[in-house]
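J.: give me coordinates for this.
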Amino acid sequence: MKSRQFALQIKMKTNFFSKYFLVVSILTATNLSALAYSPNTAGNISKNEFDSVGSGISIIAAPEFKQKGIFTRSPNKKTSKEQFEYAQNLEKAKKYKAATKAYNALVYEWPTASEAPIAQLGVARTFELREKYLEAYKEYQYLIANYDVRHLPESIKFTDILNSQFRIANYYLNKLDSTILGIGSIGVDGVADAFAQIAKNAPEWERASECLLRRGLAYEIAGRNVDAIFEYEDLIGRYAGTIVANEALYRAAVARYKIAINATRDEKALRNTIVAMNLAMKADPNHKYAEATLEHKKKIEETLTALLFEKAQYYDNIKPNPKAALISYSSFVKEFPNAKEAQSAKKRIAELEEITKNSPSKEK
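T.: Below is the predicted model:
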C-alpha cells in the first residue's frame, strides 16, 4: 500500500507512545445487530483470501496518506504533545468540530509523532460524534491502513475500532430499506464494501463472518438476489458448520425463493430452490425460519410438479409423442409419487404402455 510504504520510508518512530501523553478512551462499541445470533470464533481465513473483497475506489475507501500542503490547516500549538492536549480539551468540552480540525492538524503536521495514531483515532471518533458517519468510517480505515493498530496502548483495542466500523456499516445497512430517494444512504455497493473491508481488516475476528453475511443481506434488501446468493454461498464455504453459516443457508434459500416465484416455468430455478431449502433445514431444523421455509418449499414443489406434469401432457396431447409422454409421466411419478397428479399420471402410463406395445415397429 502506497500510504504504508510512505510511512515506512520516513521511518515512523518505534516508540509510538511516550510516557508523557494522555490516552483518550475510545467510545464503547454498541451492537446494533439486526440479526440475533452469536458470532462464530472459527474460520481462520488468511487475509489474502479477502483481497478481492471490496474495491479500492469505493465510497468507503480511506483518504490518501496525509501530508502537509499549501492549504493544510496549521496546528494551534508548537508541539505535537501540546496540540494533542489542545484537541483533547476541545473534545472534552464537546466542541467536536473544532476537535476534529485540531486532531487532523496534528496528523498532517506530525504524521510520525507518537501522538499521531491517537490523534487519528480522535479524528474518526469526533466525526462519529458529529454523526458524520461516512467520514468517520473512512478515518477509522485510515488509522488501520497507516498505523500499527495492533500495538496500540491497552486502553485502545483494535476490536473497538473494528466495532466502530461495524456499527457505522450497520447504520447504513438499516437505511437501505428506509430511506426516501436514497437520502442519507451510501448505496448498496457502499454498504457491501464497508462490511467486506472490515472482514478484510481482520479475517480472524469473531465477527468477520457476520460482516460477510450482512454484505449478502445488503444485496438481498436491494433486490439483487443473485449477488446475495453468491455472497451467502461463499460465506457457507468459508465457515461451514457455524451458526452464521447456517443463517446464510437460510438466507440463500430465501433469495432463491424470491427468484423462483418470479420464474415459475424455470425448472432449474425451482429445483435449486428446493435443494437450498433442504440444505438449510438439514443444517438447523430448529432455526427460526425453518417453519416458513418448509411452507415455501411446499409451494415451490407444487409449482414444480405442475410444470413437469404439464410437460408430460405436452408430449401426450399438444405434440403427440407416446414414447416421450410415457418417459415424462414415468419420471414424474417416480419423483413425486405423492403429488395430486400422480394417480392420473399412473393411469395414463398404463394406457401409453399398451399404445407403445401395440404400435408397429419401425424395424424391418
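
J.: give me the element the residue nearest in space to the middle of the chain is part of.
T.: Ranked by distance to the mean C-alpha position of the chain (CA atoms, centre = their mean), the top residue is residue 215 at 1.5 Å. Secondary-structure assignment from DSSP states H and E places residue 215 in helix 208-221.

J.: ok, now which ones touch the residue nearest to the centre of the chain?
T.: Each residue near residue 215 by CB atoms under 8 Å, 6 or more residues apart in numbering is listed here: 191, 192, 195, 196, 199, 231. From N, CA and C alone the C-beta is placed, and that goes for glycine too.

J.: just give me how far the helix holding residue 215 sits from the chain centre.
T.: Chain-centre distance of helix 208-221: 2 Å, with CA atoms, centre = their mean, to the nearest Å.

J.: again, but for stretch 275-292
T.: For stretch 275-292, the distance to the chain centre is 21 Å (CA atoms, centre = their mean).

J.: ok, now which ones touch residue 231?
T.: Contacts of residue 231 by CB under 8 Å, 6+ apart are 192, 212, 215, 216, 219.

J.: now do 7 Å
T.: With contact taken as CB atoms under 7 Å, 6 or more residues apart in numbering, residue 231 is in contact with 212, 215, 216, 219.

J.: after the helix or strand hosting it, which helix or strand is next?
T.: Following DSSP H and E, one finds residue 231 within helix 225-238. Next in sequence after helix 225-238, counting helices and strands by DSSP H and E, comes helix 243-260.

J.: using PDB, list the CA coordinates for that next one.
T.: Below are the C-alpha coordinates for helix 243-260, written out as PDB (Å, rounded to 0.1, in the frame of the first residue of the first chain):
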ATOM      1  CA  ILE A 243     -24.100 -20.500  13.400                       C
ATOM      2  CA  VAL A 244     -23.500 -17.700  10.900                       C
ATOM      3  CA  ALA A 245     -23.100 -20.300   8.000                       C
ATOM      4  CA  ASN A 246     -26.500 -21.800   9.000                       C
ATOM      5  CA  GLU A 247     -28.000 -18.300   8.900                       C
ATOM      6  CA  ALA A 248     -26.500 -17.900   5.400                       C
ATOM      7  CA  LEU A 249     -28.000 -21.200   4.300                       C
ATOM      8  CA  TYR A 250     -31.500 -19.900   5.200                       C
ATOM      9  CA  ARG A 251     -30.800 -16.500   3.600                       C
ATOM     10  CA  ALA A 252     -29.600 -18.200   0.400                       C
ATOM     11  CA  ALA A 253     -32.800 -20.200   0.400                       C
ATOM     12  CA  VAL A 254     -34.900 -17.100   0.800                       C
ATOM     13  CA  ALA A 255     -33.000 -15.400  -2.000                       C
ATOM     14  CA  ARG A 256     -33.600 -18.400  -4.300                       C
ATOM     15  CA  TYR A 257     -37.200 -18.500  -3.400                       C
ATOM     16  CA  LYS A 258     -37.600 -14.800  -4.400                       C
ATOM     17  CA  ILE A 259     -36.100 -15.700  -7.800                       C
ATOM     18  CA  ALA A 260     -38.200 -18.900  -8.200                       C
END
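
J.: since that was my last question, I'll sign off now.
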